[in-house]
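Colleague: Any chance you can model this:
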Amino acid sequence: MKKSMDNYFVPWIKPLKMYVSNHIELAWKKPSLHRMMSNENPIPPSAKILKTIEKYSKIANRYPDQGLVIRGKLAKMNGLESAENVVIGNGSSEIYDMAFRTFLMPGDEVIQQTPCFGIYKLRCDLLGGKIISVPMEYRDKKMVYAPEGILKAVTSKTKIIVIANPNNPTGNFMDEKDFVRIAGLGIPFVIDEAYIEYAGFKKSQSRLIKKYKNVIITRTMSKAYG
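Modeller: Predicted coordinates for the structure are as follows:
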């Protein structure tokens, strides 16, 4: 008797649900809706962008190079030494996937501050890891980070700490000194800067990359550059 496909799944995959953005499906079905739900750029690509797409689509039958030109420019923009400091993916979600696969084994822990972007937990669960959620604190009618809670949550099983800068969805920042404290632990530290352009690059923690080899900064082209 043949087994069903789900009998071949690794145990931690079975309870997971598919990540489906129903609101996006609905928006495509009903173009009259105002798409305010995904922080997309409402302005279509410029003529310059379309011309560039057309140019490179004509050589899409060839494998691409390593993207050294664009990686080099991104490195320069952020004060980094070279293209080797930059990795490009299909959205920052792919970068999380790469990082989590690199560091996590089943049972390992990922610390996040909540509320936050849901992709961290999804990537952790997918690899059989355990997400440790440290709640933000509510003070003076504001949501604020709880760095002491993050530090106390660290155990021998902690393999990744991930913090959004600024946070999604609360929009606030953690103090720079607390980023330094966490980086100093030596644990892989992922800082999600998907919305940093809206606050200005002075708020970025990219300078930590030069001092701490365990720091990874993620950015996205789908927000400010959409």
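Colleague: Just the strands from the chain, written as ranges.
Modeller: Counting by DSSP state E, the chain forms strands over residues 109-114, 130-135, 137-139, 142-144, 158-164, 189-192, 215-218, given from the N-terminal end onward.
Colleague: would you turn these into a markdown table with mean neighbour count, distance to A47 and mean pLDDT?
Modeller: Every residue, glycine included, has its C-beta placed from N, CA and C. Rendered in a markdown table, the data for the strands of the chain read as follows (neighbours: other C-beta atoms under 10 Å; distance: least, C-beta to C-beta, whole Å; pLDDT from 0 to 100):
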| stretch | mean neighbour count | distance to A47 | mean pLDDT |
| --- | --- | --- | --- |
| strand 109-114 | 23 | 41 | 97 |
| strand 130-135 | 16 | 44 | 97 |
| strand 137-139 | 10 | 48 | 92 |
| strand 142-144 | 14 | 42 | 91 |
| strand 158-164 | 24 | 34 | 98 |
| strand 189-192 | 24 | 32 | 97 |
| strand 215-218 | 22 | 30 | 96 |
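Colleague: Out of the ones you listed, which is closest to D178?
Modeller: For those, the distance to D178 is smallest for strand 158-164, at 8.8 Å, taking C-beta to C-beta.
Colleague: returning to that earlier point: among the strands of the chain, which comes closest to I95?
Modeller: Distances from I95 to each of the strands of the chain were compared by C-beta to C-beta, and the smallest falls on strand 215-218, at 5.2 Å.
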